[in-house]
Structure formats: C-alpha cells, structure tokens
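Chemist: Provide a 3D model corresponding to the input given below.
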Amino acid sequence: MRDEDYSADLLHWYDPHARALPWRVGPAERRSGAHPDPYRVWLSEVMLQQTTVAAVRGYFDRFTRLWPGVADLAAAEDAAVMGEWAGLGYYARARNLLKCARVVTRDLGGQFPTTSAELLSLPGIGPYTAAAIAAIAFDRPAMVVDGNVERVMARLFAVETPLPAARPDLAALAARLTPQDRPGDYAQAVMDLGATICTPKAPACGLCPLRPACRARAAGQQAGLPRRLPKAPKPTRYGIAYVARRADGAWLLERRPDRGLLGGMLGWPGSDWADSPSEAPPVVADWRDPGAEVHHTFTHFHLRLALRVAHLPGDATPRTGRFVPPHRFRPSDLPTVMRKAYDLAAPALGGN
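Modeler: Predicted coordinates for the structure are as follows:
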C-alpha cells in the first residue's frame, strides 16, 4: 500500500466521522471556507496535554467565555487564570499560557506564527504543540504525534519495540504518512481514529478504514501493541501544611517560588515534601491536628500532607506568608492540593 493511500483512506473516513469539538473546524466547515482560530487551537492543545478531551471541554468553554481572544487572555490577572486552571494540573502550563499570550499580543500584533519553527520560539510551546498548531490552524504539513498517533502507527506497521524507545520510529512513520494536501485534517483524523476506534483496549478493528493494511491485525497482535516497558512505582512523599485564620477572618497564605512544582501559586505555608519532613510552623501558635490528611498524586509521586490548624490573634506576626482578608480570598484560586487542604481544615476554623 502506498503512503498516499493511507492518508486518502483515512481522510475519506474522517469527513463523515470527525468528532465535533468546541475548538475544531470540521471538514464540512473547511470546505465552505471556514478557518480554524489559531488562539482556540493553541489553547486546546495546551489544555489537552496530559488530560482527556472529556475533562478539557468544560475548562475550554469557561476560558473562551472569559477570554475570547489572545489579547483578552494577555490582559487577564494571573490569579484569575490560575484559579480557572485549577484541576488541569501542571500549573507551569498556565504560567506559560499567560507568557505566550502576552508575547503574541505585545510582540506579534496578536498573530500566531504559522510554522512549527517559529511557534517553537514562544513560551511553553514544544515540538508536539508547535506541529499541532501549524498543521491544524495553518494547514502546514507538520508531523503531529501524540499517544493516539503512536498507537495507530505501532499497530499499522506492527512495531514491537516497546515505548518509550519506539518513539523515534513511530514519529518517522507518522511523518512519512503526513500528506501535503489537507495535513491539518489528516492530523486530526489520525487522532480521532486512535481515540474512537484504535483504542488502547478492545480496538474496533471492524470499523477501521485502515484495517486491510494493518499488520498488527493481520498477525492478531493489535491488542498488545504498542508494547510498553513497565513503569517504576511512584514514590510517596510527606509534608505538613499549616492552615491558620486570624481573628478578623483573614487567612495566612504564601506564594510559592516561581520555579518548581505549583510555582507562583498561592498556598498554605508548610514544610518541604520529603521522606521525613521537618515541622516548619509559620508563626508561633497553638497548632492542632484536625484529624485529616490530604492525599494527592502528582505525575511523579504521591503526596501525603498532614494538616495543622490554628486560630491566630489580631496582632500575629508570621515569619512567612501574608494575611489575605476574607473578601479577597477565594478557595477556587488555590491549586487542587491546597484546595483539598482547605476543604479538610476550614471546618475547624469557621471557614465556608
């Protein structure tokens, strides 16, 4: 089967079967002259990193209602964007989202670059995202490879090398099959095929437009590909979070350093996160254990966060952090792990 036949068969399937997604311009709309909005394509691709389409829909709708264009997002308050991002994880992505929006607005007249190479110069845009924007928004023949594409290529060509070692070979296969005509639709077609038919478990091979050419199916191997090396178990780290409220209702919060996990986010003062964290109360007080513990999982480790709560007098002087008055404090602005701590500790401190 010629390379161009793969793309032709897949596009023929995609035209009537494309998923309706809020950031997508479908094939029928494209034929009528509509063009994708690069801002919406970029925003969706950043949100979809490490996250499912189902989880992203609500976030995307809220973001685009609040900030319908790149200039609107560039002018947004950091705290507001971080608050809306809570639950999507990887807050560095939200910080880079703002940086990128501001560069595009300030330096590029609100226009996104059209090539992968130019897009790579923007904050937070890596090779995959650059290729996706170039292909989908600007119909450039850029190689777009996500987990769905890797799975389709591994099965189509019966690549038995396990991931992650197989990634260069799978990317080369994806690049080889990317057509010059309709590359944006083709990129989305492969992703849709992987998401709806060539699924990780129980692929629906009978519905697949590439079934006659699929080497894994011919060998009865489709369910076992791509192979993966076993993952090392995630370690568990421990920490202590100090949740305190002053007599006037103000909460004691601190902003984390810009670099590192939850960088730049508001949170509760606390210890380091380690095997054996040391007590690190931010102010002298009668700290109590509310009898609850936060459990949270990050990409590379599990966290168990012990809680300490305290009522503070009006003249309390903390060594770290600052008091946020109740009318300016929104629990929704906290990252998820800190919001979990608030939900568990607040009842002991008269919180909502």
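Chemist: ok, Pro27 touching Asp15?
Modeler: Yes - using CB atoms under 8 Å, Pro27 is in contact with Asp15, at 4.7 Å. Just so you know, the C-beta spots here come from the backbone N, C-alpha and C atoms, and that holds for glycine as well.
Chemist: those two: which has the busier surroundings?
Modeler: Comparing Pro27 with Asp15 by other CB atoms under 10 Å, the one with more neighbours is Pro27, at 19 against 16.
Chemist: can I see the domain layout of the protein?
Modeler: Domains of the chain are assigned by automatic domain parsing as 3-224, 236-349.
Chemist: how about these in JSON lines, adding mean pLDDT and distance to Pro230?
Modeler: As requested, these are exported to JSON lines (pLDDT from 0 to 100; distance: least, CB to CB, whole Å):
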{"stretch": "domain 3-224", "mean pLDDT": "94", "distance to Pro230": "9"}
{"stretch": "domain 236-349", "mean pLDDT": "92", "distance to Pro230": "16"}
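Chemist: now Ile136: how far from Glu160?
Modeler: Separation of Ile136 from Glu160 (CB to CB, to the nearest Å) stands at 31 Å.
Chemist: repeat that for Ala175.
Modeler: Computed as CB to CB, the Ala175 to Glu160 distance reads 20 Å.
Chemist: Arg319 now?
Modeler: Separation of Arg319 from Glu160 (CB to CB) stands at 58 Å.
Chemist: helices or strands next to whichever strand or helix holds Ala8 in the packing?
Modeler: Following DSSP states H and E, one finds Ala8 within helix 3-17. Contacts defined by 3 or more CB pairs under 8 Å, 6 or more residues apart in numbering; DSSP states H and E place helix 3-17 against helix 27-31, helix 167-177, helix 183-196.
Chemist: and if we set it to 6 Å?
Modeler: The elements that helix 3-17 packs onto, with contact taken as 3 or more CB pairs under 6 Å, 6 or more residues apart in numbering; DSSP states H and E, are helix 167-177, helix 183-196.
Chemist: how far off centre is the shortest one?
Modeler: Using CA atoms, centre = their mean, to the nearest Å, we find the averaged C-alpha position of helix 167-177 to lie 24 Å away from the chain's own average C-alpha position.
Chemist: orientation of it relative to helix 3-17 in degrees?
Modeler: 80 degrees (axes from the mean of the first three to the mean of the last three CA atoms, to 10 degrees).
Chemist: show me what counts as buried in helix 167-177.
Modeler: Applying a neighbour-count criterion of 16 or more other CB atoms under 10 Å, one finds Leu170, Ala171, Leu173, Ala174, Leu177 buried in helix 167-177.
Chemist: contacts for stretch 14-22 next, please.
Modeler: Here stretch 14-22 makes contact (CB atoms under 6 Å, 6 or more residues apart in numbering) with Gly26, Pro27, Phe60, Ala189, Asp192.
Chemist: and that stretch, how far from the chain's centre?
Modeler: With CA atoms, centre = their mean, you get 22 Å for stretch 14-22.
Chemist: return the alpha-carbon coordinates of that stretch using CSV.
Modeler: The C-alpha coordinates for stretch 14-22 follow below in CSV (Å, rounded to 0.1, in the frame of the first residue of the first chain):
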residue,chain,number,x,y,z
TYR,A,14,-12.7,11.3,8.7
ASP,A,15,-15.0,13.5,6.5
PRO,A,16,-18.3,11.9,7.8
HIS,A,17,-16.9,10.8,11.2
ALA,A,18,-14.9,13.7,12.6
ARG,A,19,-15.6,14.4,16.2
ALA,A,20,-17.4,17.6,16.9
LEU,A,21,-15.1,19.5,19.3
PRO,A,22,-15.6,23.1,20.5
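Chemist: would you map the strands across this protein?
Modeler: Using DSSP state E, the strands of the chain run over 236-246, 251-255, 266-267, 293-297, 302-312, 322-324.
Chemist: tell me which of the ones you listed sits nearest to Val284.
Modeler: When the strands of the chain are compared by CB to CB, strand 302-312 sits nearest Val284, at 9.5 Å.
Chemist: what comes into contact with the closest one?
Modeler: Identification of contacts with strand 302-312 by CB under 6 Å, 6+ apart yields 234, 236-244, 246, 285-288, 290, 292-296, 345, 348-349.
Chemist: how distant is it from the center of its chain?
Modeler: With CA atoms, centre = their mean, you get 27 Å for strand 302-312.
Chemist: buried set for that strand?
Modeler: The neighbour-count check on strand 302-312 (16+ other CB under 10 Å) flags Leu303, Leu305, Ala306, Leu307, Arg308, Val309, Ala310, Leu312 as buried.
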